[in-house]
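Peer 1: sequence and predicted structure below; questions after.
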Amino acid sequence: MALPWKVLDRFSTEDEGILELRQRGPGDFLITVGSQILMNSRAQRSEIALGKFGCRKLKDHPSPKVLVGGLGMGITLRAVLDELPETARVVVAELNPAIQQWCLGPLAELTEGAASDPRVTIEITDVAELIRHAQRESFDAIILDLYRGPHPQTDRVKDPIYGSRAIENSRSALKPGGIFAVWGENPDVGFEGRLASGGFRVKCERPGKGGYRHAVWVAEKKTAGKPQRQSV
């Protein structure tokens with residue numbers, strides 16, 4: 001018989017309602033909002049793939065700098081760190097300070113303490129604002145593992161993360177050849193088109209075999225020519 005879930009902590013968010021961290025055994029955690037499961041520690045293949053795909057070209061870089069949007073359970077961050085040298089710097093943008101405390105506390109066992117790795121700096125801020133105010137060519141990779149990914153109803157121009165203006169901000173913040181990797185629930189041809197029009201070579205991966213598979217976009221900043229200013 002499965003163990004019952006125990007609520008370890010909860011807090012109220014302005015937009016989404018009550019967030020809860022639940023556990024029912026060693027390494028078995030959920031993060032929920034209301035009645036919806038946001039994250040399950042036993043189902044993380046797309047998050048691991050996101051971190052690996054986003055940083056796989058940086059293993060031999062002398063001092064890479066990476067931005068991760070969204071901390072969650074720290075699974076994506078762990079995958080990012082596993083791909084990077086000890087000289088790397090990783091900035092994590094997380095909106096909720098309670099999430100940081102969860103990753104430093106009960107969730108640390110899942111990730112070998114990824115949130116407390118000396119390469120990591122966690123900033124309690126909106127990742128869209130951090131990207132918008134970043135200096136040009138600041139990052140070798142930007143990796144977005146957010147609550148909601150791009151979808152067909154995304155405002156193709158004004159969306160603060162997945163619209164064409166936001167894509168232009170991300171491109172500006174990336175070094176030539178930098179990687180923009182994004183998690184989503186399902187493929188979205190509109191988002192792929194905006195990435196391509198915004199100066200990226202883009203591929204949509206579907207990690208895993210069989211069953212429901214999330215989408216992971218891996219977009220490489222083109223090093224020559226100017227992006228076309230259009231949206232899809």
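Peer 2: Arrived safely, thanks for sending.

Peer 1: for the rest of this, base every contact and every neighbour count on C-alpha atoms.
Peer 2: OK.

Peer 1: list the neighbouring strands of the one helix or strand W217 maps to plus their orientation.
Peer 2: Using DSSP states H and E, W217 sits within strand 215-221. Within its sheet, strand 215-221 is paired with strand 174-184 (antiparallel), strand 200-205 (antiparallel), according to DSSP bridges.

Peer 1: highest mean neighbour count out of these?
Peer 2: Highest mean neighbour count of those: strand 174-184, a mean of 24 (counted as mean count of other Cα atoms under 10 Å).

Peer 1: what comes into contact with it?
Peer 2: 46-47, 50, 53-55, 136-146, 148-151, 170-171, 214-223 (Cα atoms under 8 Å, 6 or more residues apart in numbering).

Peer 1: what element comes up after it heading to the C-terminus?
Peer 2: Proceeding N to C from strand 174-184, the next assigned helix or strand is helix 189-197, under DSSP H and E.

Peer 1: now that following helix, how far from the centre of its chain.
Peer 2: Helix 189-197 sits 18 Å away from the centroid of its parent chain (Cα atoms, centre = their mean, to the nearest Å).

Peer 1: now do stretch 52-68
Peer 2: Centroid separation between stretch 52-68 and its chain, computed with Cα atoms, centre = their mean, is 14 Å.

Peer 1: rounded mean pLDDT for stretch 113-121, please.
Peer 2: Stretch 113-121 carries an average pLDDT of 98.

Peer 1: would you map out the domains in the chain?
Peer 2: 1-42, 44-221 (automatic domain parsing).

Peer 1: of those, which stretch is the most buried?
Peer 2: domain 44-221 (a mean of 20).

Peer 1: quick one: the residue most central in space within the chain from G72, how far?
Peer 2: When the chain is reduced to its mean C-alpha position, the nearest residue by Cα atoms, centre = their mean turns out to be D145, at 2.1 Å. Note on D145: its distance to G72, by Cα to Cα, to the nearest Å, is 8 Å.

Peer 1: who's the closest residue to N40 other than its chain neighbours bridged to?
Peer 2: Using Cα to Cα, 6 or more residues apart in numbering and skipping residues adjacent in sequence, the residue nearest N40 is L30, 4.8 Å away. L30 has these beta-bridge partners by DSSP bridges: R22, N40.

Peer 1: and the pLDDT at L30?
Peer 2: 96.
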